[in-house]
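> just a sequence and a predicted model for now, questions to come.
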Amino acid sequence: MITVLFGPPGSGKGTQAMAVAGRFGLPHVSTGEMLRAEVEQDSELGREVAPIMSSGRLISDELMIRVIESRLQRADAAQGVLLDGFPRTVPQAQALDAMLKRGTRQVDLVLAFVVAEDVLRARILRRGEIEHRADDTADAFAQRMTQYHEETAPVLEHYAAEGTHIEQIQGEGTISEVTERIADAFNRSRVVPAS
Ligand code: AMP
């Protein structure tokens, strides 16, 4: 079962993916985390992507598609994954569809997080103070929102046009309230993973 967690920066995709991964035993695949690990290791890839990430811009589709393709080939992805932060552009979504189709798979469910922009901004700035993530600054947040509106929002239209099951998740409230809304969405979509 392939689930895409979709939403703007600060909407809780990563937090909820972690909660849901533990509960349903599905691997949490976060492209942002994978890239941050490369930056941390100071690898060649990490050095290439670090300045792009800290400015709040997107890494090229070509590179991201390669990263996700090799991740989905790992054994733990066979039962399904929770995708967090991918796909972020329509070409990424099309490439994902094509690679899943080769294995007679598909995106089964899109969880689309809805959170007001002032709440997103407050969350990101608070996380910046705690975790010191390079892109959790006011300037990078503004850039990430621009990228979201221009490049990422059309991904939802892509899945709607494909007839993929989309569930809107109200992303405000406590972490556990939102996790319960996700569990309900899994039930409604009839693609409940084995817990
Ligand atoms: P995230 O942790 O999902 O907020 O991602 C942090 C940053 O990593 C983004 O602002 C991008 O610079 C980069 N990134 C992560 N996933 C992608 C993706 N699918 N496409 C392009 N850039 C990405």
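Everything's here; your move.

> which residues of this structure lie near the ligand?
Listed as neighbours of the ligand in the chain under the rule Cβ under 6 Å from any ligand atom: 9, 31-32, 35, 52-53, 56-59, 64, 85-86, 88, 92, 135, 144. Where C-beta positions appear, they are placed from N, C-alpha and C, glycine not excepted.

> go ahead and build a ChimeraX selection from the buried members of those.
Listed next is the ChimeraX selection for buried residues among these, using 16 or more other Cβ atoms under 10 Å:
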select :9,31,32,35,53,56,58,59,64,85,86,88,92,135,144
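
> from the residues of the chain next to the ligand, which land in helices?
31, 32, 35, 52, 53, 64, 92, 144 (DSSP state H).

> nearest to the ligand among these?
The shortest distance between the ligand and any of those, using Cβ to the nearest ligand atom, involves residue 32 and amounts to 1.9 Å.

> which ones are touching the nearest residue to that closest one once chain neighbours are set aside?
Distance criterion Cβ to Cβ, 6 or more residues apart in numbering; nearest residue to residue 32, sequence neighbours excluded, is residue 85 at 4.6 Å. Contacts for residue 85 were tallied using Cβ atoms under 8 Å, 6 or more residues apart in numbering; they are 5, 13, 14, 30, 31, 32.

> and those, which is closest to residue 115?
Relative to residue 115, the closest of those is residue 13; by Cβ to Cβ it sits at 10.3 Å.

> does the closest one touch residue 3 like I think?
No - using Cβ atoms under 8 Å as the test, residue 13 is too far from residue 3 to be in contact (10.9 Å).

> just the CA coordinates for the longest strand that the chain contains, please, in CSV.
Scanning the chain for the longest strand, with DSSP state E as the assignment, gives strand 107-114. Taking C-alpha atoms only, strand 107-114 is exported to CSV below (Å, rounded to 0.1, in the frame of the first residue of the first chain):
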residue,chain,number,x,y,z
VAL,A,107,-0.5,5.2,-5.3
ASP,A,108,-3.4,3.9,-3.2
LEU,A,109,-4.1,6.9,-1.0
VAL,A,110,-3.2,10.6,-0.8
LEU,A,111,-3.6,12.2,2.6
ALA,A,112,-3.8,16.0,1.9
PHE,A,113,-3.1,18.0,5.0
VAL,A,114,-5.0,21.3,5.4
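
> check what pLDDT residue 187 gets.
The predicted structure scores residue 187 at 89 on the pLDDT scale.

> which helices and strands sit right next to the helix or strand that contains it?
Take DSSP states H and E as the rule and residue 187 turns out to sit in helix 175-189. The contact analysis (3 or more Cβ pairs under 8 Å, 6 or more residues apart in numbering; DSSP states H and E) places helix 175-189 against helix 13-24, strand 107-114, strand 165-170.

> in the first one, what counts as buried?
It refers to helix 13-24. For helix 13-24, the buried set under the neighbour-count rule, 16+ other Cβ under 10 Å, comprises 13, 14, 15, 16, 17, 18, 19, 20, 21, 24.
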